[in-house]
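Chemist: Quick one, what's the 3D model for this:
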Amino acid sequence: MQEIIIKPIGIIYSPYKNADGIPIQGRFKEEIEAFAEIDKKYEAGLKDLDGFSHAILIYQFHNETQEKITAHPYLEEETHGIFAVRSPYRPNRIGLSIVKIKKIIKNRLYFTEVDVFDQTPLIDIKPYVEFFDKRENVKSGWVEKHFEKGIPKQTIL
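Modeler: From the prediction side, this is the model:
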């Protein structure tokens, strides 16, 4: 296969300097704020994004160098295939988060529901569109046993 070269479009700045207190998904700490600073040459690409409530951020797990084919997630010690978990140990170390847009000022996108380390390279931004992204009759595999009616059975960091 041919190698793919991806260049960041910006940097995500968050209060999470290390793993202490970072949630497994941003929606479990809705009040935490962060921002993405987009390279000035892409600033015009933010036009009209403020009309959406949420965005999908695609980024690189830059703090992780390990690659694993199986890993255990934060919710349990059982090992699962890397494509059945959201672990950073992925072959290409690409992550994605759905965040709540607060405001956009020039080349900065301010948001909450963050679960990303400080100074994470941002690869892309896509608007979250309910009509495209929401699914019905969803199965969540091994994760389902850790939730009851959409609420975590234990405290999730």
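Chemist: Against Tyr128, how distant is the residue nearest the centre of the chain?
Modeler: For the chain, the residue whose C-alpha lies nearest the mean C-alpha position (C-alpha atoms, centre = their mean) is Ser97; its distance is 2.1 Å. Spatial separation of Ser97 from Tyr128 under the definition C-beta to C-beta, to the nearest Å is 10 Å. Backbone N, C-alpha and C define where each C-beta goes, glycine included.
Chemist: if we can go back for a sec, looking at it, the residue nearest to the centre of the chain is touching Phe61, isn't it?
Modeler: No: distance between Ser97 and Phe61: 11.3 Å, which falls outside the contact criterion (C-beta atoms under 8 Å).
Chemist: Please enumerate the shared neighbours of these two.
Modeler: In terms of C-beta atoms under 8 Å, 6 or more residues apart in numbering, Ser97 and Phe61 are not both contacted by any residue.
Chemist: Okay, now the unreliable bits of this structure?
Modeler: Judged by pLDDT under 70, the chain has its weakly predicted residues at 19-30, 138-145, 147, 149-150, 153-157.
Chemist: Parallel or antiparallel, list what pairs with the longest strand along it.
Modeler: The strand of greatest length in the chain, counted in residues with DSSP state E as the criterion, is given as strand 94-105. Each strand paired with strand 94-105, and its direction, by DSSP bridges: strand 54-60 (antiparallel), strand 108-112 (antiparallel).
Chemist: Now the common contact residues for Ser97 and Tyr128.
Modeler: Taking C-beta under 8 Å, 6+ apart as the contact criterion, the common neighbours of Ser97 and Tyr128 are Ile56.
Chemist: Could you give the bridge partners of the closest residue to Leu96 other than its chain neighbours?
Modeler: In space, and not counting its chain neighbours, Leu96 is closest to Ile58: 5.1 Å by C-beta to C-beta, 6 or more residues apart in numbering. Beta bridges link Ile58 to Leu96, Asp124, judged by DSSP bridges.
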